[in-house]
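Asker: Provided below are the primary sequence and the corresponding predicted coordinates.
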Protein chains: 2
Amino acid sequence: MAKQLEGPILPFLRLDAAVALPKFRQVQDQLRMAILRGHLRAGARLPASRILAEELGLSRQTLVRVLENLKAEGYLEARQGAGTFVSQALPRQLPKPHFTLGESDASPRLSRIGALSRGVSAEIGQMEQKPFLPNQPALDRFPFAVWRKCWNAVTRSGRATMGYGDVAGELVLRQRIAEYLALHRRDSCDPEQIVITPGGHAAFTLAALALADPGDGIWFEDPGPVTTSNLFRTLGLHLCPVDVDSDGMDVAGAMARHPDARLAFVMPSRHHPLGVTLSLPRRLALLEWARANDAWIIEDDYDSEFRYDGAPLPSMRSVDSHDRIIYAGSFSKALYPGIRVGYLVLPPQLVGAFRNLSGLIHRSVPVETQLALAEFIGGGHFASHLRRMRGLYAERREAFQEAGRTALAGLARVDCSESGLNALAWLEGSRGDRAVHRAVLDAGLQCYPLSDYTIATRRPGALILGYAGVPAERMKPYLGRLAEALSQP
Amino acid sequence: MAKQLEGPILPFLRLDAAVALPKFRQVQDQLRMAILRGHLRAGARLPASRILAEELGLSRQTLVRVLENLKAEGYLEARQGAGTFVSQALPRQLPKPHFTLGESDASPRLSRIGALSRGVSAEIGQMEQKPFLPNQPALDRFPFAVWRKCWNAVTRSGRATMGYGDVAGELVLRQRIAEYLALHRRDSCDPEQIVITPGGHAAFTLAALALADPGDGIWFEDPGPVTTSNLFRTLGLHLCPVDVDSDGMDVAGAMARHPDARLAFVMPSRHHPLGVTLSLPRRLALLEWARANDAWIIEDDYDSEFRYDGAPLPSMRSVDSHDRIIYAGSFSKALYPGIRVGYLVLPPQLVGAFRNLSGLIHRSVPVETQLALAEFIGGGHFASHLRRMRGLYAERREAFQEAGRTALAGLARVDCSESGLNALAWLEGSRGDRAVHRAVLDAGLQCYPLSDYTIATRRPGALILGYAGVPAERMKPYLGRLAEALSQP
């Protein structure tokens, strides 16, 4: 027969008027904790609810409610006519709950991907919004009022945007994207070839998972965007760095050194960060390699929207007659990063697998955002925003170039490619770009050192500077400040 | 010396007034296509722009523009004083572009994951919105006007919602979620332990990728949600089906048969679709197994918000003193599926790896949605919506149960568990639930056959019926229609 607990009862029960929790919750939490901590052992009988209520100065109903809840949770059990007991089914030794945060376990058991994840930094976007932060569109010029109008228009009816939606993305958005690609990228596709993803990186992830097994090689331009190379490396792919020259990716070199790669990741429209364009002969050679080796090409159509010298070049996909290209686009630069919408245009034979995999790992993308975006594109706001931004960025590029040549003379050579949002400043002298980078941050400006983007091939030091987010009239003073930072010993 | 092309020139150039494209674009596209198709060979000289312009009835400026564009794209080249030529750098044999959609290649080369993806169906959410569609909250009762107000309030300033945001999710939303969990799930955590994901499935994907290698075992309740088992299987995990009885997952059976699994996926609050709760002794046994075997538990806190009999049970994580639980939640049922926001609560030692991996594969979740959601929770709308829905669903459950007992007598036994959005109808007689399912669809209703959820253990036939989306006064006629479908031979 279990011993009954006697009063001054349950020393661990203490009501605290200063605590915001209702009394019954305090008693309930404390009783539960007392059982978990072993103060109340399995089989112990509790005092009658009437006695407990008196002890604690609470109503009997309150105590009955507490005991009923703890019975429902399995901590207590009632025995007919005998009262309430700590459940016999509980193990003798109970674990001790604790709620501390800290790296208690230095090396938890992780998968290969999990272990690789520990070593990379993914703190993109945590960058401070300081002048010359790379990859920044002019967020203050985005027609946010129009965007809000589109969002409000499509959510007015409510119901339409509330379900999961199509796993490949809403058809109306896929239609608008297909029209945009046909008109601006000279690239016809069927909306059925498009899969909408929660951002560009999710699109790359989908392609990597569906097309390459761990250990498979992927051609990757060196230098190249570090978050993207980190992504592929972390997913277990074997990163094959490929040189980049003024004609873009060195396709012949890659064929000689890594013929068996399964994937090629390439930015033909505008290489990031060097700003070069992949030449037509190399595009065709790359396509031919992919066909002959049953490999796939991920075309990241990076910054293709912003070309200041002539019309944007057609996408590489538009000359792909072998159906080897997975075309990836996103709205992070053309609209704003926080929108988190990307997409893939797929060769027909891949549509089924990608659609299913995307449905499994993402299900879908916020339907209200998709419909608002379709409305934004369909209403002509996307095209006119791009046109305005092309003009604005061209102006800012011009101002950066002009002021930069003077301000940075003898310190760095300014290199604005004919497209994109960023420039390069190739450092004169022997100081490494990483050291200079710290000086730039200390001066209240932002930039990335080119060295952070290099994989195997070392290059002369350079800073990647974003000009698109900086008003033209601010270029001169900011570049003056940059020059000061660069001329520090 | 390259032969000059003579007029009636370029038979493949044909302007079409009926085509919406501007003339220069028509000429440009057709010239490009002529080169790609081999009608114009590498090295061929083009007629002077003046002659071409006359031929086509266009201005000379237009032709100059076309030729300049094609030079920029690499199709043409100018030779000083000699005119314009098809680029010599192009290969002799060019690929033929085509734009047809169809499964031209029956078995493209895919990864293991890609190949598995072809075989599954991910067409969730494509289900027709018919009465009794399972897992449907009462979307028409969601306070969409309040939601729009929250969205408009946080996007008023524009700029704040436009960047990538925090890779782990906006801090303010993580704080609101931590408060909700503390208050409603009796589960204290630090907001730093939370990672926001684009939906619940993205959260499971993150956990599976970070914690298990291909081939690793995962305990999975049998029956269990088919899209989730498809996800784990497609990611290459070895699915270990575990029986479910009235106390939930058969932990002892799983320990005996699959002791070496790396993961356990469990729905302790409310098993889907059986509706049972994992007992406290089994929760503790499961935690002890995970501790002893260095395994991890994914707690899917499925439908924990909707319990009609007593308060919601505390989460399993709240008694985890070994830091083995990855707690997964989403807003798909509590708010609406289209919102696409989920989250994980992680043991401290996993935070770093998950944060990095999430940043790589998702970067972040739409910032405006996150901030609107934080506003919605912080303003008390979430708690009061849940309270209202609990009342509404309890009423609908009652109506379903009462009408169902009469209408389905002799056809099926109605089984409404004390929580969730769905009921089970266990079929009498020998007809399989898949056959009955088709009859139900033909009757203009929806349901899922239990057989679609079973993995290894066959059970008696049953239909999963969603009652939460059906008004109480419609239960009787719909159940009458269901009875008719069930009584067909």
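Answerer: Thanks, I have the structure now. Residues are numbered from 1 along each chain as shown, chains lettered A, B, ... in the order given.
Asker: Quick check: A:Gly165 vs chain B, distance?
Answerer: 6 Å (CB to the nearest CB, to the nearest Å). Just so you know, the C-beta spots here come from the backbone N, C-alpha and C atoms, and that holds for glycine as well.
Asker: Surely that residue and B:Ile339 touch.
Answerer: No. Using CB atoms under 8 Å as the test, A:Gly165 is too far from B:Ile339 to be in contact (11.0 Å).
Asker: Share the number of residues neighbouring the residue of the stretch 351-489 of chain A found nearest chain B, please.
Answerer: The nearest approach of the stretch 351-489 of chain A to chain B comes at A:Gly359, 2.7 Å away (CB to the nearest CB). By the criterion of other CB atoms under 10 Å in any protein chain shown, A:Gly359 has 27 neighbours.
Asker: Settle this for me: it is touching A:Val167, isn't it.
Answerer: Yes. Counting by CB under 8 Å, A:Gly359 does reach A:Val167; the two are 3.3 Å apart.
Asker: name the element the residue nearest the centre of chain A belongs to?
Answerer: Here the mean C-alpha position of chain A is nearest to the C-alpha of A:His201 (CA atoms, centre = their mean), at a distance of 6.0 Å. A:His201 belongs to helix A:200-211 when assigned by DSSP states H and E.
Asker: Now do that helix and helix B:200-211, the angle between them.
Answerer: On the basis of axes from the mean of the first three to the mean of the last three CA atoms, to 10 degrees, helix A:200-211 is oriented at 60 degrees to helix B:200-211.
Asker: Next one: helix A:200-211, is it in contact with chain B?
Answerer: Yes. Against chain B, helix A:200-211 shows contacts by CB under 8 Å from any CB of the partner chain at A:Gly200, A:His201, A:Ala202, A:Thr205, A:Leu209, A:Ala210, A:Leu211.
Asker: so what's A:Ser87 scoring on pLDDT?
Answerer: If you check A:Ser87, the pLDDT there is 84.
Asker: What of A:His184?
Answerer: Looking at A:His184, its pLDDT stands at 79.
Asker: Next: A:Leu94.
Answerer: On pLDDT, A:Leu94 comes in at 59.
Asker: Next: A:Ala18.
Answerer: Here the pLDDT value assigned to A:Ala18 is 62.
Asker: cool, A:His381 as well?
Answerer: Listed pLDDT for A:His381 reads 93.
Asker: same deal with the one 10 residues further on?
Answerer: According to the per-residue confidence, A:Gly391 scores 94 in pLDDT.
Asker: mind listing what's buried in the lengthiest strand in chain A?
Answerer: Counting by DSSP state E, the longest strand found in chain A is strand A:238-245. Neighbour counts over strand A:238-245 (16 or more other CB atoms under 10 Å in any protein chain shown) mark A:His238, A:Leu239, A:Cys240, A:Pro241, A:Val242, A:Asp243, A:Val244 as buried.
Asker: Likewise for stretch A:41-61?
Answerer: A:Ala42, A:Ala44, A:Arg45, A:Leu46, A:Pro47, A:Ser49, A:Ile51, A:Leu52, A:Ala53, A:Leu56, A:Leu58.
Asker: doesn't A:Leu209 make contact with A:Leu263?
Answerer: No. In this structure, A:Leu263 is not within contact of A:Leu209 by CB under 8 Å, at 11.4 Å.
Asker: can you tell me which of the buried residues of stretch A:41-61 are in helices?
Answerer: Taking DSSP state H, the ones among those that sit in helices are A:Ser49, A:Ile51, A:Leu52, A:Ala53, A:Leu56.
Asker: Now do the residue of the stretch 151-300 of chain A found nearest chain B, the pLDDT please.
Answerer: The minimum distance from the stretch 151-300 of chain A to chain B, using CB to the nearest CB, falls at A:Tyr164 (2.6 Å). A:Tyr164 is assigned a predicted lDDT (pLDDT) of 83.
Asker: List phi and psi for it.
Answerer: phi -60, psi -30 (degrees, to the nearest 10).
Asker: Could you verify my assumption that it touches B:Gly338?
Answerer: Yes. A:Tyr164 sits in contact with B:Gly338 when judged by CB under 8 Å, with a separation of 6.5 Å.
Asker: Tell me which of these two has more neighbours.
Answerer: Neighbours per residue, other CB under 10 Å: of A:Tyr164 and B:Gly338, the larger number sits with B:Gly338, 25 against 20.
Asker: Give me the pLDDT for the residue nearest to A:Val86 when sequence neighbours are not counted.
Answerer: Nearest non-adjacent residue to A:Val86, counting by CB to CB, 6 or more residues apart in numbering or on different chains: A:Ala44, 4.6 Å away. If you check A:Ala44, the pLDDT there is 81.
Asker: And for the closest residue to A:Arg324 other than its chain neighbours, the neighbour number?
Answerer: Counting by CB to CB, 6+ apart, A:Arg324 lies nearest to A:Ala290, which is 3.9 Å off, once chain neighbours are set aside. Around A:Ala290 sit 21 other residues, with neighbours defined as other CB under 10 Å.
Asker: Give me the three-state assignment for A:Ala290.
Answerer: helix (DSSP: H, G, I helix; E, B strand; the rest coil).
Asker: got the buried residues for the helix or strand where A:Ala285 lies?
Answerer: Per DSSP H and E, A:Ala285 falls inside helix A:280-293. Neighbour counts over helix A:280-293 (16+ other CB under 10 Å) mark A:Leu280, A:Pro281, A:Arg282, A:Arg283, A:Leu284, A:Ala285, A:Leu286, A:Leu287, A:Glu288, A:Trp289, A:Ala290, A:Asn293 as buried.
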